[in-house]
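[1] take this sequence and fold it.
(one chain, ligands or ions: 1)
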Amino acid sequence: MTIPVENPATEELLGEIADAGEQGVNDAVAAARSAFNSRLWMGKNPSERQAILWRAADLIDAHREDLALLVTLETGKTLKDARGGDVSGAADAFRYFAGLSRNSNGQSVGVDGPFSVRADREPFGVVGAITPWNYPLCIAAWKLAPALACGNSVVLKPSELTPFSTLRLGQLLAEAGVPAGTVNIVNGYGDSTGDALARHNDVDKLTFTGSTRTGRRLMVASAESNLKPVSLELGGKSANIVFADADRKAAVRGALWGAFTNQGQICTAGSRLLVESSIHDEFLEWLLRRVRSLKIGDPRQDDVTIGSLVSKKQMERVLSYIHSGKEEGATLLCGGHREGGVGCFVQPTVFSNVKPEMKIAQEEIFGPVLSVLRFATEEEALWLANSTPYGLAAGVWTADATRAARMANKLRAGTVWINCYNEFDPAAPFGGVKLSGFGRDLGQAALDQYTTVKSTWTAQ
Ligand code: NDP
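    Below is the predicted model of the structure:
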(Lines give C-alpha, C1' and ligand atoms only; values in the text may rest on other atoms or scores of the structure.)
Protein backbone atom coordinates (compact mmCIF):
# COMPACT_ATOMS: atom_id res chain seq x y z
CA MET A 1 0.00 0.00 0.00
CA THR A 2 1.21 3.53 -0.71
CA ILE A 3 0.39 6.82 1.01
CA PRO A 4 0.16 10.09 -0.95
CA VAL A 5 2.04 13.05 0.56
CA GLU A 6 0.83 16.57 -0.21
CA ASN A 7 2.40 20.00 -0.11
CA PRO A 8 -0.10 21.67 2.25
CA ALA A 9 0.63 25.14 0.88
CA THR A 10 -0.41 24.21 -2.67
CA GLU A 11 -2.40 21.01 -2.12
CA GLU A 12 -0.27 19.43 -4.86
CA LEU A 13 0.96 15.87 -4.64
CA LEU A 14 4.61 15.78 -3.56
CA GLY A 15 5.11 12.05 -3.79
CA GLU A 16 4.13 8.72 -2.33
CA ILE A 17 5.59 6.58 0.41
CA ALA A 18 5.19 2.91 1.18
CA ASP A 19 3.21 1.93 4.26
CA ALA A 20 5.64 -0.40 6.03
CA GLY A 21 2.97 -2.02 8.23
CA GLU A 22 3.76 -4.79 10.69
CA GLN A 23 5.97 -6.75 8.29
CA GLY A 24 8.07 -3.67 7.48
CA VAL A 25 8.49 -2.95 11.17
CA ASN A 26 9.50 -6.55 11.86
CA ASP A 27 12.15 -6.37 9.12
CA ALA A 28 13.49 -3.03 10.37
CA VAL A 29 13.68 -4.20 13.99
CA ALA A 30 15.44 -7.41 12.88
CA ALA A 31 17.99 -5.32 10.94
CA ALA A 32 18.50 -3.01 13.92
CA ARG A 33 18.95 -5.97 16.28
CA SER A 34 21.41 -7.68 13.99
CA ALA A 35 23.43 -4.44 13.59
CA PHE A 36 23.44 -3.97 17.36
CA ASN A 37 24.50 -7.56 18.06
CA SER A 38 27.28 -7.36 15.48
CA ARG A 39 28.67 -4.34 17.37
CA LEU A 40 29.41 -2.59 14.08
CA TRP A 41 28.48 0.72 15.67
CA MET A 42 28.79 0.09 19.40
CA GLY A 43 32.16 -1.60 18.93
CA LYS A 44 33.77 1.38 17.25
CA ASN A 45 36.14 3.53 19.24
CA PRO A 46 34.34 6.47 20.81
CA SER A 47 36.47 8.83 18.73
CA GLU A 48 35.31 7.10 15.53
CA ARG A 49 31.67 7.39 16.53
CA GLN A 50 32.25 11.01 17.39
CA ALA A 51 33.82 11.66 13.98
CA ILE A 52 30.88 10.02 12.17
CA LEU A 53 28.26 12.01 14.09
CA TRP A 54 30.24 15.20 13.48
CA ARG A 55 30.43 14.34 9.77
CA ALA A 56 26.64 13.89 9.79
CA ALA A 57 26.34 17.46 11.09
CA ASP A 58 28.68 18.72 8.36
CA LEU A 59 26.62 16.92 5.71
CA ILE A 60 23.40 18.44 7.07
CA ASP A 61 25.02 21.88 6.80
CA ALA A 62 26.33 21.15 3.32
CA HIS A 63 22.79 20.23 2.21
CA ARG A 64 21.17 23.08 4.11
CA GLU A 65 19.18 24.56 1.25
CA ASP A 66 17.92 21.23 -0.14
CA LEU A 67 16.89 20.04 3.30
CA ALA A 68 15.16 23.32 4.14
CA LEU A 69 13.24 23.18 0.87
CA LEU A 70 12.14 19.60 1.57
CA VAL A 71 10.92 20.62 5.02
CA THR A 72 9.08 23.61 3.58
CA LEU A 73 7.44 21.53 0.85
CA GLU A 74 6.21 18.85 3.23
CA THR A 75 5.20 21.06 6.19
CA GLY A 76 4.16 24.37 4.59
CA LYS A 77 6.39 26.31 7.03
CA THR A 78 8.52 29.21 5.80
CA LEU A 79 11.95 28.54 4.39
CA LYS A 80 13.39 30.82 7.05
CA ASP A 81 11.88 28.64 9.81
CA ALA A 82 12.97 25.47 8.03
CA ARG A 83 16.57 26.69 7.78
CA GLY A 84 16.73 27.88 11.38
CA GLY A 85 14.39 25.60 13.32
CA ASP A 86 14.92 22.37 11.42
CA VAL A 87 18.24 22.32 9.58
CA SER A 88 20.39 24.27 12.03
CA GLY A 89 18.68 22.57 14.97
CA ALA A 90 19.44 19.14 13.49
CA ALA A 91 23.10 19.90 12.71
CA ASP A 92 23.62 21.40 16.15
CA ALA A 93 22.15 18.30 17.86
CA PHE A 94 24.52 15.98 15.98
CA ARG A 95 27.53 18.14 16.92
CA TYR A 96 26.57 18.28 20.57
CA PHE A 97 25.97 14.54 20.86
CA ALA A 98 29.10 13.77 18.82
CA GLY A 99 30.99 15.21 21.79
CA LEU A 100 28.93 13.32 24.35
CA SER A 101 29.56 10.03 22.55
CA ARG A 102 32.98 10.04 24.25
CA ASN A 103 31.45 10.41 27.68
CA SER A 104 30.74 6.92 29.02
CA ASN A 105 29.47 8.24 32.36
CA GLY A 106 30.57 5.18 34.33
CA GLN A 107 31.50 5.51 37.99
CA SER A 108 32.93 3.46 40.79
CA VAL A 109 30.68 3.04 43.81
CA GLY A 110 31.75 2.70 47.44
CA VAL A 111 29.99 -0.28 49.12
CA ASP A 112 30.34 -2.22 52.34
CA GLY A 113 32.41 -5.39 52.20
CA PRO A 114 35.39 -6.61 50.20
CA PHE A 115 34.08 -5.57 46.82
CA SER A 116 34.77 -3.03 44.18
CA VAL A 117 31.64 -1.95 42.35
CA ARG A 118 31.24 -0.12 39.06
CA ALA A 119 28.01 1.38 37.77
CA ASP A 120 28.27 1.66 33.97
CA ARG A 121 25.91 3.04 31.40
CA GLU A 122 25.06 0.68 28.55
CA PRO A 123 22.97 1.28 25.46
CA PHE A 124 19.49 -0.25 25.54
CA GLY A 125 19.93 -1.98 22.18
CA VAL A 126 17.12 -1.20 19.74
CA VAL A 127 15.41 2.16 20.23
CA GLY A 128 12.02 2.84 18.60
CA ALA A 129 11.44 6.52 17.83
CA ILE A 130 8.15 8.05 16.67
CA THR A 131 8.30 11.66 15.50
CA PRO A 132 5.70 14.31 14.59
CA TRP A 133 5.25 16.61 11.63
CA ASN A 134 5.91 20.06 13.13
CA TYR A 135 9.74 19.96 13.17
CA PRO A 136 10.30 16.73 11.28
CA LEU A 137 14.04 17.06 10.68
CA CYS A 138 15.01 18.63 13.99
CA ILE A 139 13.02 16.24 16.18
CA ALA A 140 14.34 13.24 14.24
CA ALA A 141 17.85 14.56 15.01
CA TRP A 142 16.93 15.11 18.67
CA LYS A 143 16.12 11.39 18.90
CA LEU A 144 18.74 9.91 16.58
CA ALA A 145 21.80 11.85 17.74
CA PRO A 146 21.65 10.94 21.46
CA ALA A 147 20.46 7.37 20.78
CA LEU A 148 23.42 6.83 18.45
CA ALA A 149 25.86 8.64 20.73
CA CYS A 150 24.97 6.06 23.40
CA GLY A 151 25.62 3.17 20.99
CA ASN A 152 22.05 2.09 20.18
CA SER A 153 20.47 1.05 16.89
CA VAL A 154 17.30 2.93 15.97
CA VAL A 155 14.06 2.29 14.10
CA LEU A 156 12.36 5.63 13.46
CA LYS A 157 8.85 6.27 12.18
CA PRO A 158 8.26 9.83 10.99
CA SER A 159 4.78 11.26 10.58
CA GLU A 160 3.29 10.10 7.30
CA LEU A 161 2.57 13.77 6.52
CA THR A 162 6.27 14.72 6.52
CA PRO A 163 8.48 11.74 5.69
CA PHE A 164 10.90 13.11 3.10
CA SER A 165 13.31 15.20 5.16
CA THR A 166 13.76 12.29 7.59
CA LEU A 167 14.43 9.87 4.72
CA ARG A 168 17.04 12.27 3.37
CA LEU A 169 18.59 12.48 6.85
CA GLY A 170 18.84 8.69 6.84
CA GLN A 171 20.78 8.83 3.56
CA LEU A 172 23.14 11.46 4.98
CA LEU A 173 23.78 9.34 8.07
CA ALA A 174 24.73 6.41 5.85
CA GLU A 175 27.01 8.71 3.85
CA ALA A 176 28.60 9.93 7.09
CA GLY A 177 29.53 6.34 7.94
CA VAL A 178 26.78 5.05 10.25
CA PRO A 179 26.86 1.27 9.54
CA ALA A 180 24.01 -0.40 7.66
CA GLY A 181 21.14 -1.52 9.88
CA THR A 182 22.01 0.94 12.66
CA VAL A 183 19.44 3.53 11.54
CA ASN A 184 16.21 2.30 9.95
CA ILE A 185 13.38 4.55 8.85
CA VAL A 186 9.93 3.02 8.45
CA ASN A 187 7.08 4.96 6.91
CA GLY A 188 3.42 4.47 7.51
CA TYR A 189 0.36 5.44 9.50
CA GLY A 190 0.49 5.78 13.25
CA ASP A 191 -2.35 3.34 13.87
CA SER A 192 -0.66 0.53 11.96
CA THR A 193 3.09 1.05 11.53
CA GLY A 194 3.56 3.24 14.63
CA ASP A 195 1.54 0.85 16.75
CA ALA A 196 3.50 -2.16 15.47
CA LEU A 197 6.74 -0.44 16.50
CA ALA A 198 5.38 0.48 19.92
CA ARG A 199 4.22 -3.12 20.55
CA HIS A 200 7.28 -4.86 19.19
CA ASN A 201 8.78 -7.22 21.75
CA ASP A 202 12.29 -6.72 20.44
CA VAL A 203 12.28 -2.93 20.79
CA ASP A 204 14.04 -2.10 24.05
CA LYS A 205 13.08 1.54 24.45
CA LEU A 206 10.51 3.89 22.92
CA THR A 207 10.86 7.64 22.51
CA PHE A 208 8.01 9.80 21.24
CA THR A 209 7.13 13.41 20.50
CA GLY A 210 3.53 14.22 19.65
CA SER A 211 0.06 14.45 21.16
CA THR A 212 -0.91 13.44 24.68
CA ARG A 213 -3.57 11.15 23.21
CA THR A 214 -1.00 9.13 21.26
CA GLY A 215 1.40 9.25 24.22
CA ARG A 216 -1.21 7.46 26.33
CA ARG A 217 -1.66 4.80 23.63
CA LEU A 218 2.07 4.19 23.54
CA MET A 219 2.12 3.60 27.30
CA VAL A 220 -0.62 1.00 26.84
CA ALA A 221 1.26 -0.59 23.94
CA SER A 222 4.35 -0.88 26.12
CA ALA A 223 2.37 -2.28 29.05
CA GLU A 224 0.75 -4.88 26.79
CA SER A 225 4.03 -5.97 25.21
CA ASN A 226 7.52 -6.13 26.75
CA LEU A 227 7.27 -3.20 29.22
CA LYS A 228 9.82 -1.19 27.25
CA PRO A 229 10.57 2.12 28.95
CA VAL A 230 8.82 5.02 27.21
CA SER A 231 9.74 8.69 27.17
CA LEU A 232 7.14 11.18 26.04
CA GLU A 233 7.47 14.79 24.92
CA LEU A 234 3.86 15.83 24.54
CA GLY A 235 1.74 18.91 24.09
CA GLY A 236 1.54 22.14 26.02
CA LYS A 237 -0.55 25.20 26.76
CA SER A 238 2.27 27.40 27.87
CA ALA A 239 1.78 30.72 29.64
CA ASN A 240 3.82 33.73 28.57
CA ILE A 241 3.50 36.18 31.48
CA VAL A 242 4.07 39.92 31.06
CA PHE A 243 4.44 42.10 34.14
CA ALA A 244 3.98 45.87 33.98
CA ASP A 245 7.69 46.53 34.56
CA ALA A 246 8.80 44.41 31.58
CA ASP A 247 10.83 45.79 28.69
CA ARG A 248 7.79 46.46 26.51
CA LYS A 249 9.46 46.09 23.12
CA ALA A 250 11.17 42.81 23.99
CA ALA A 251 8.00 41.43 25.58
CA VAL A 252 5.87 42.26 22.53
CA ARG A 253 8.39 40.51 20.32
CA GLY A 254 8.44 37.52 22.70
CA ALA A 255 4.65 37.37 22.78
CA LEU A 256 4.45 37.57 18.99
CA TRP A 257 6.97 34.86 18.16
CA GLY A 258 6.06 32.84 21.22
CA ALA A 259 2.60 32.45 19.71
CA PHE A 260 3.16 32.46 15.94
CA THR A 261 6.50 30.72 15.33
CA ASN A 262 5.85 27.86 12.92
CA GLN A 263 2.21 29.03 12.63
CA GLY A 264 1.79 28.14 16.30
CA GLN A 265 2.53 24.47 15.58
CA ILE A 266 5.15 24.13 18.26
CA CYS A 267 4.67 22.29 21.52
CA THR A 268 6.11 25.20 23.52
CA ALA A 269 3.88 27.83 21.85
CA GLY A 270 3.18 30.67 24.28
CA SER A 271 -0.46 30.26 23.38
CA ARG A 272 -1.72 31.86 26.61
CA LEU A 273 -0.53 35.41 27.06
CA LEU A 274 -1.06 36.65 30.62
CA VAL A 275 -0.79 40.45 30.83
CA GLU A 276 -0.83 42.56 34.01
CA SER A 277 -4.03 44.63 34.10
CA SER A 278 -2.32 48.02 34.35
CA ILE A 279 -0.67 47.63 30.90
CA HIS A 280 -3.16 45.23 29.32
CA ASP A 281 -4.83 47.53 26.79
CA GLU A 282 -1.70 49.38 25.74
CA PHE A 283 0.27 46.12 25.42
CA LEU A 284 -2.41 44.61 23.20
CA GLU A 285 -2.37 47.65 20.95
CA TRP A 286 1.39 47.25 20.44
CA LEU A 287 1.02 43.54 19.89
CA LEU A 288 -1.84 43.85 17.41
CA ARG A 289 0.16 46.32 15.35
CA ARG A 290 2.87 43.65 15.01
CA VAL A 291 0.40 40.84 14.33
CA ARG A 292 -1.26 42.81 11.54
CA SER A 293 2.13 43.33 9.90
CA LEU A 294 2.79 39.58 9.55
CA LYS A 295 2.73 38.46 5.95
CA ILE A 296 0.90 35.25 5.06
CA GLY A 297 1.68 33.49 1.81
CA ASP A 298 4.00 31.32 -0.24
CA PRO A 299 6.39 29.95 2.40
CA ARG A 300 9.28 29.94 -0.09
CA GLN A 301 9.25 33.74 -0.33
CA ASP A 302 11.79 35.51 1.89
CA ASP A 303 9.42 38.22 3.11
CA VAL A 304 6.65 35.79 4.15
CA THR A 305 6.42 35.26 7.91
CA ILE A 306 3.37 32.99 8.20
CA GLY A 307 3.21 29.87 6.05
CA SER A 308 0.66 27.08 5.76
CA LEU A 309 -0.50 24.70 8.46
CA VAL A 310 0.57 21.12 7.90
CA SER A 311 -2.71 19.66 6.62
CA LYS A 312 -6.39 20.27 5.95
CA LYS A 313 -7.19 18.22 9.04
CA GLN A 314 -5.02 20.46 11.21
CA MET A 315 -6.53 23.58 9.61
CA GLU A 316 -10.06 22.35 10.35
CA ARG A 317 -9.06 21.55 13.92
CA VAL A 318 -7.63 25.06 14.43
CA LEU A 319 -10.68 26.72 12.83
CA SER A 320 -12.94 24.73 15.13
CA TYR A 321 -11.05 26.11 18.15
CA ILE A 322 -11.49 29.63 16.77
CA HIS A 323 -15.21 28.91 16.43
CA SER A 324 -15.32 27.68 20.02
CA GLY A 325 -13.54 30.84 21.26
CA LYS A 326 -16.23 32.97 19.61
CA GLU A 327 -19.03 30.75 20.95
CA GLU A 328 -17.69 30.86 24.49
CA GLY A 329 -17.65 34.66 24.44
CA ALA A 330 -13.98 35.62 24.02
CA THR A 331 -13.35 38.82 22.02
CA LEU A 332 -11.82 38.26 18.59
CA LEU A 333 -9.31 41.07 18.04
CA CYS A 334 -7.84 39.99 14.73
CA GLY A 335 -7.69 37.10 12.28
CA GLY A 336 -10.14 34.29 12.84
CA HIS A 337 -10.41 32.93 9.29
CA ARG A 338 -8.82 30.77 6.69
CA GLU A 339 -6.69 32.80 4.28
CA GLY A 340 -7.30 32.17 0.57
CA GLY A 341 -8.99 29.23 -1.10
CA VAL A 342 -5.95 27.02 -1.76
CA GLY A 343 -3.57 25.70 0.88
CA CYS A 344 -4.00 25.37 4.62
CA PHE A 345 -3.44 28.98 5.66
CA VAL A 346 -5.04 30.40 8.81
CA GLN A 347 -4.78 34.06 9.75
CA PRO A 348 -2.84 34.89 12.94
CA THR A 349 -5.63 35.19 15.48
CA VAL A 350 -5.80 36.97 18.83
CA PHE A 351 -8.58 36.62 21.41
CA SER A 352 -8.87 38.84 24.48
CA ASN A 353 -11.25 38.52 27.46
CA VAL A 354 -10.42 34.84 27.61
CA LYS A 355 -11.60 33.10 30.77
CA PRO A 356 -9.43 30.35 32.26
CA GLU A 357 -12.15 27.72 31.89
CA MET A 358 -12.65 28.30 28.14
CA LYS A 359 -11.48 25.60 25.73
CA ILE A 360 -9.10 28.05 24.05
CA ALA A 361 -7.45 28.61 27.45
CA GLN A 362 -7.17 24.93 28.35
CA GLU A 363 -6.57 22.84 25.23
CA GLU A 364 -3.60 22.75 22.89
CA ILE A 365 -4.70 24.35 19.62
CA PHE A 366 -1.42 23.92 17.71
CA GLY A 367 -2.13 26.76 15.33
CA PRO A 368 -1.77 30.55 15.08
CA VAL A 369 -4.24 31.37 17.86
CA LEU A 370 -3.31 33.45 20.89
CA SER A 371 -5.53 33.63 23.98
CA VAL A 372 -4.96 36.72 26.14
CA LEU A 373 -5.89 36.72 29.83
CA ARG A 374 -5.36 39.53 32.32
CA PHE A 375 -4.11 39.32 35.89
CA ALA A 376 -3.88 41.73 38.81
CA THR A 377 -1.29 40.15 41.11
CA GLU A 378 1.71 37.86 40.95
CA GLU A 379 -0.27 35.16 42.78
CA GLU A 380 -3.04 35.34 40.21
CA ALA A 381 -0.54 35.11 37.35
CA LEU A 382 0.97 32.04 38.92
CA TRP A 383 -2.40 30.42 39.52
CA LEU A 384 -3.49 31.08 35.93
CA ALA A 385 -0.19 29.82 34.52
CA ASN A 386 -0.39 26.56 36.46
CA SER A 387 -4.09 25.96 35.87
CA THR A 388 -4.00 23.70 32.83
CA PRO A 389 -3.27 19.98 32.70
CA TYR A 390 -0.04 20.70 30.80
CA GLY A 391 3.42 21.68 32.05
CA LEU A 392 5.83 22.05 29.16
CA ALA A 393 7.10 25.64 29.27
CA ALA A 394 6.43 29.14 30.53
CA GLY A 395 7.78 32.64 29.94
CA VAL A 396 8.17 35.52 32.41
CA TRP A 397 8.79 39.13 31.37
CA THR A 398 9.82 41.42 34.22
CA ALA A 399 12.63 43.78 35.23
CA ASP A 400 12.50 42.44 38.81
CA ALA A 401 15.06 39.65 39.13
CA THR A 402 13.75 38.52 42.52
CA ARG A 403 10.23 38.15 41.18
CA ALA A 404 11.57 36.32 38.12
CA ALA A 405 13.36 33.82 40.37
CA ARG A 406 10.23 33.40 42.53
CA MET A 407 8.08 32.73 39.48
CA ALA A 408 10.58 30.31 37.93
CA ASN A 409 10.57 28.41 41.18
CA LYS A 410 6.79 28.06 41.36
CA LEU A 411 5.86 27.53 37.72
CA ARG A 412 5.07 23.90 37.03
CA ALA A 413 6.86 23.50 33.71
CA GLY A 414 9.86 21.68 32.27
CA THR A 415 11.34 24.92 30.90
CA VAL A 416 10.99 28.51 32.09
CA TRP A 417 12.23 31.38 29.93
CA ILE A 418 12.90 34.71 31.68
CA ASN A 419 12.86 37.76 29.42
CA CYS A 420 13.17 35.49 26.39
CA TYR A 421 11.01 32.80 24.76
CA ASN A 422 11.40 29.66 22.61
CA GLU A 423 15.16 29.51 23.03
CA PHE A 424 16.71 26.09 22.52
CA ASP A 425 20.18 24.65 22.69
CA PRO A 426 21.15 20.97 22.51
CA ALA A 427 22.99 21.39 25.82
CA ALA A 428 19.81 22.40 27.68
CA PRO A 429 17.52 19.48 28.73
CA PHE A 430 14.02 19.74 27.27
CA GLY A 431 10.76 18.05 28.28
CA GLY A 432 7.66 18.48 30.39
CA VAL A 433 5.71 17.64 33.52
CA LYS A 434 2.02 16.73 33.99
CA LEU A 435 0.29 15.90 30.67
CA SER A 436 3.28 17.31 28.77
CA GLY A 437 5.07 14.04 29.41
CA PHE A 438 8.26 12.85 31.05
CA GLY A 439 11.86 12.16 30.16
CA ARG A 440 14.19 14.77 28.73
CA ASP A 441 15.42 15.29 25.21
CA LEU A 442 18.77 17.06 24.84
CA GLY A 443 21.54 17.84 27.28
CA GLN A 444 23.31 15.33 29.50
CA ALA A 445 19.84 14.30 30.67
CA ALA A 446 19.16 12.73 27.25
CA LEU A 447 21.90 10.20 27.92
CA ASP A 448 19.80 8.83 30.79
CA GLN A 449 17.04 8.09 28.29
CA TYR A 450 19.12 6.01 25.94
CA THR A 451 21.16 4.01 28.41
CA THR A 452 20.52 1.58 31.21
CA VAL A 453 22.79 1.23 34.24
CA LYS A 454 24.63 -1.98 35.04
CA SER A 455 26.31 -2.54 38.42
CA THR A 456 29.28 -4.91 38.36
CA TRP A 457 30.54 -6.31 41.69
CA THR A 458 34.04 -7.71 41.91
CA ALA A 459 35.16 -9.56 45.03
CA GLN A 460 38.53 -8.30 46.18
P1 NDP B 1 0.04 12.43 16.83
O2 NDP B 1 0.54 12.41 18.22
O3 NDP B 1 -1.06 11.50 16.50
O4 NDP B 1 1.26 12.10 15.83
C5 NDP B 1 2.62 12.08 16.16
C6 NDP B 1 3.27 10.79 15.66
O7 NDP B 1 2.68 9.65 16.30
C8 NDP B 1 3.09 10.55 14.16
O9 NDP B 1 4.25 9.93 13.62
C10 NDP B 1 1.91 9.61 14.14
O11 NDP B 1 1.79 8.90 12.95
C12 NDP B 1 2.23 8.72 15.31
N13 NDP B 1 1.08 7.97 15.82
C14 NDP B 1 -0.24 8.31 15.82
N15 NDP B 1 -0.98 7.34 16.39
C16 NDP B 1 -0.13 6.37 16.77
C17 NDP B 1 -0.29 5.10 17.44
N18 NDP B 1 -1.48 4.64 17.83
N19 NDP B 1 0.81 4.35 17.68
C20 NDP B 1 2.02 4.81 17.31
N21 NDP B 1 2.24 5.96 16.67
C22 NDP B 1 1.19 6.75 16.42
O23 NDP B 1 -0.33 13.91 16.44
P24 NDP B 1 -1.38 14.40 15.32
O25 NDP B 1 -0.72 14.42 14.04
O26 NDP B 1 -2.65 13.62 15.39
O27 NDP B 1 -1.66 15.90 15.82
C28 NDP B 1 -2.74 16.14 16.71
C29 NDP B 1 -2.35 17.10 17.80
O30 NDP B 1 -1.23 16.58 18.52
C31 NDP B 1 -1.88 18.46 17.34
O32 NDP B 1 -2.94 19.30 17.05
C33 NDP B 1 -1.10 18.91 18.55
O34 NDP B 1 -1.98 19.38 19.52
C35 NDP B 1 -0.45 17.64 19.05
N36 NDP B 1 0.94 17.50 18.57
C37 NDP B 1 1.94 17.82 19.44
C38 NDP B 1 3.25 17.77 19.00
C39 NDP B 1 4.37 18.13 19.91
O40 NDP B 1 5.40 18.60 19.45
N41 NDP B 1 4.27 17.89 21.20
C42 NDP B 1 3.61 17.43 17.63
C43 NDP B 1 2.48 17.03 16.82
C44 NDP B 1 1.21 17.09 17.29
P45 NDP B 1 0.74 9.45 11.84
O46 NDP B 1 1.24 10.79 11.41
O47 NDP B 1 0.81 8.42 10.79
O48 NDP B 1 -0.60 9.52 12.53
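
[2] which residues of the stretch 351-460 of the chain lie near the ligand?
    E364, F366 (CB under 6 Å from any ligand atom). Bear in mind the C-beta positions are built from the backbone N, C-alpha and C, glycine included.

[3] just for the stretch 351-460 of the chain, where's the confidence low?
    Low-confidence segments of the stretch 351-460 of the chain (pLDDT under 70): none present.

[4] that one: strands as residue ranges?
    Here the stretch 351-460 of the chain has its strands, by DSSP state E, counting those that start in this stretch, at 369-375, 390-391, 393-397, 415-418, 433-434, 437-438, 451-459.

[5] these into a markdown table, with extra columns for mean neighbour count?
    A markdown table is the format used below for the strands of the stretch 351-460 of the chain (neighbours: other CB atoms under 10 Å):
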| stretch | mean neighbour count |
| --- | --- |
| strand 369-375 | 25 |
| strand 390-391 | 24 |
| strand 393-397 | 29 |
| strand 415-418 | 20 |
| strand 433-434 | 16 |
| strand 437-438 | 21 |
| strand 451-459 | 12 |
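
[6] quick one: end-to-end length of stretch 175-192, please.
    With CA to CA, to the nearest Å as the measure, stretch 175-192 spans 30 Å from end to end.

[7] swap in stretch 191-198?
    Across stretch 191-198, first to last residue, CA to CA, it's 10 Å.

[8] now stretch 409-420
    17 Å.

[9] for stretch 141-158, same thing?
    First-to-last residue span, stretch 141-158, CA to CA: 11 Å.

[10] got the contact list for the nearest residue to G236 once chain neighbours are set aside?
    Among residues not flanking G236 along the chain, L392 sits closest, at 3.2 Å (CB to CB, 6 or more residues apart in numbering). The contact partners of L392, by CB atoms under 8 Å, 6 or more residues apart in numbering, come to 234-236, 238, 267-268, 413-415, 431-432, 436-437.

[11] who wins on neighbours among those?
    S238 (34 neighbours; other CB atoms under 10 Å).

[12] that one and L273 touch, don't they?
    No. Judged on CB atoms under 8 Å, S238 makes no contact with L273 at a distance of 10.1 Å.

[13] now for the two: what residues contact both?
    G258.

[14] burial measure for V111, as a count.
    So V111, with other CB under 10 Å, has 11 neighbours.

[15] doesn't S455 make contact with it?
    No. If you go by CB under 8 Å, V111 and S455 don't touch, sitting 9.3 Å apart.

[16] intersection of neighbour lists for those two?
    V117.

[17] what sits against the residue of the stretch 301-450 of the chain found nearest the ligand?
    As assessed by CB to the nearest ligand atom, the ligand sits closest to F366 within the stretch 301-450 of the chain, at 3.5 Å. Shown in contact with F366 (CB under 8 Å, 6+ apart): N134, G235, G264, Q265, A269, Q314, R317, V318.

[18] need the phi and psi values for the residue nearest to G236.
    Note on L392: its backbone torsions stand at phi -90, psi -50 [degrees, to the nearest 10].

[19] thought R374 was touching V275?
    Yes. The pair R374 / V275 is scored as a contact, 5.6 Å apart, by CB under 8 Å.

[20] pLDDT wise, what is the residue nearest to G76 when sequence neighbours are not counted at?
    Using CB to CB, 6+ apart and skipping residues adjacent in sequence, the residue nearest G76 is S308, 3.0 Å away. Looking at S308, its pLDDT is 98.

[21] surely S308 and V342 touch.
    No. Look at S308 against V342 with CB under 8 Å: they stay out of range, at 9.6 Å.

[22] more neighbours: which of the two?
    Neighbours were counted for S308 and for V342 using other CB under 10 Å; S308 has more, 29 against 10.

[23] ok, the more buried one to E65 distance?
    Distance of S308 to E65, computed by CB to CB, to the nearest Å: 20 Å.

[24] where along the stretch 251-400 of the chain do the helices fall?
    Assigned by DSSP state H, counting those that start in this stretch, the helices in the stretch 251-400 of the chain fall at 280-292, 312-327, 359-362, 378-385.

[25] out of the ones you listed, flag the one nearest P8.
    P8 sits nearest to helix 312-327 of all the helices of the stretch 251-400 of the chain, at 7.5 Å, using CB to CB.

[26] show me what that closest one is packed against.
    strand 331-334, helix 359-362, strand 369-375 (3 or more CB pairs under 8 Å, 6 or more residues apart in numbering; DSSP states H and E).

[27] in the second one, which residues are buried?
    If you call a residue buried by 16 or more other CB atoms under 10 Å, then helix 359-362 has these buried ones: K359, I360, A361.

[28] swap in stretch 231-247?
    231-244, 246.

[29] would you mind listing what in the stretch 101-250 of the chain touches the ligand?
    So the stretch 101-250 of the chain meets the ligand at 130-132, 134, 157, 159-161, 189-191, 194-195, 198, 209-211, 214, 217-218, 233-235 (CB under 6 Å from any ligand atom).

[30] per-residue confidence averaged over stretch 90-100?
    97.
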